[in-house]
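1. Predicted coordinates and the sequence they were generated for:
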Amino acid sequence: MINKIVDSLAAAIEGVQDGATILIGGFGGAGMPTELIDSLLVQGAGDLTIVSNNAGTGETGLAALLKAGRVRKIMCSYPRQADSHVFDRLYRAGKIELELVPQGNLAERIRAAGSGVGGFFTPTGYGTELAKGKETRIIDGRPYVLEYPIHGDFALVKAEKGDRWGNLTYSKAARNFGPIMASAARCTVAQVCETVELGTLDPEVIVTPGIFVQRVIGVPRVGGQGKEVA
């Protein structure tokens with residue numbers, strides 16, 4: 001019987017090794033798998049490459065992982081905002097590497113990895129520092145830059161509901177990078193607000209099919225609005 005539901009956060013992130021590349025979903029706080037990140041902090045893996053939309057805020061979640069010195073490099077679109085002081089401090093001190101990726105390119109590079117695309121040409125970034133050292137071409141009179149896929153060893157995503165096969169649904173904008181990240185990693189771990197019985201999810205509303213998910217962990221919302229089932 002296929003059952004991808006694990007019984008603890010520690011089991012969910014088991015096997016993350018030093019030097020791993022981890023794709024982390026979320027757009028700001030929406031869809032951020034905070035409990036999985038906290039578990040990774042406890043687990044101890046370091047020298048990590050993190051791929052995410054932003055570089056953490058405040059002192060919690062991704063920012064806490066950075067503060068603990070566990071991240072060697074971050075690839076993101078939006079590294080600085082009002083409360084991104086942890087990243088800002090580390091970057092200015094030369095203690096973390098940044099690869100700045102325009103948001104559309106970030107999404108497409110991750111999607112390319114999940115789709116088996118070896119690379120693609122995009123006009124975004126042409127003529128800027130972001131294209132430095134990259135192959136460029138003129139196609140139909142327009143300049144393009146060659147970009148490569150972003151693969152992950154692990155993807156940590158947050159979904160609304162999941163079943164024991166790993167099928168996932170999301171809540172509105174909290175979906176963001178979750179589906180493409182799930183397809184681009186060797187091991188996808190989904191933190192879900194509610195685990196449901198197999199067959200409960202309407203196939204027409206499943207966004208991420210279980211083929212892309214290896215582990216599911218139920219993390220009920222604060223207040224008990226979610227629930228876990230065996």
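-> Yes, it's here.
2. What ranges does this structure have for its strands?
-> 21-24, 48-51, 71-76, 97-100, 120-122, 136-139, 142-147, 152-162, 168-169, 185-195, 215-218 (DSSP state E).
3. Residues touching the first one, excluding its own?
-> So that's strand 21-24. Residues from elsewhere that reach strand 21-24, judged by Cβ atoms under 8 Å, 6 or more residues apart in numbering: 16, 32-33, 37, 40, 48-52, 62, 110, 150-157, 177, 181, 184-185. Backbone N, C-alpha and C define where each C-beta goes, glycine included.
4. let's see it at 6 Å
-> With contact meaning Cβ atoms under 6 Å, 6 or more residues apart in numbering, strand 21-24 is reached by 48-52, 152-156, 181, 185.
5. out of those residues, who's nearest residue 58?
-> residue 52 (14.7 Å; Cβ to Cβ).
6. can I get the strands of the chain in TSV with distance to residue 89 and mean pLDDT?
-> Shown next, in TSV, are the strands of the chain (distance: least, Cβ to Cβ, whole Å; pLDDT from 0 to 100):
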stretch	distance to residue 89	mean pLDDT
strand 21-24	20	98
strand 48-51	16	98
strand 71-76	13	97
strand 97-100	13	96
strand 120-122	32	98
strand 136-139	35	97
strand 142-147	30	98
strand 152-162	24	98
strand 168-169	35	98
strand 185-195	28	98
strand 215-218	32	98
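7. If you rank the contacts of strand 21-24 by neighbours, which is first?
-> residue 156 (33 neighbours; other Cβ atoms under 10 Å).
8. So what touches the lengthiest helix in the chain?
-> The helix that spans the most residues within the chain, counting by DSSP state H, is helix 103-115. When contacts are defined by Cβ under 6 Å, 6+ apart, helix 103-115 is touched by residues 77, 120, 122, 124, 147, 149-151, 180-181, 183-184.
9. before we move on, the earlier item: arrange the contacts of strand 21-24 in CSV, one row each, with distance to residue 104 as further columns.
-> As requested, those are arranged in CSV below (distance: Cβ to Cβ, whole Å):
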residue, distance to residue 104
48, 25
49, 21
50, 19
51, 15
52, 15
152, 19
153, 24
154, 24
155, 19
156, 22
181, 15
185, 20
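10. and which of those residues is nearest residue 96?
-> Using Cβ to Cβ, the contacts of strand 21-24 come closest to residue 96 at residue 50, 9.6 Å.
11. residues in contact with the closest residue to the closest one other than its chain neighbours?
-> Closest residue to residue 50 apart from its sequence neighbours, by Cβ to Cβ, 6 or more residues apart in numbering: residue 74 at 4.8 Å. Neighbour list for residue 74: 50, 55, 98 [criterion: Cβ under 6 Å, 6+ apart].
12. Dump the residues you listed to a markdown table, plus distance to residue 128.
-> Shown next, in a markdown table, are these (distance: Cβ to Cβ, whole Å):
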| residue | distance to residue 128 |
| --- | --- |
| 50 | 23 |
| 55 | 20 |
| 98 | 15 |
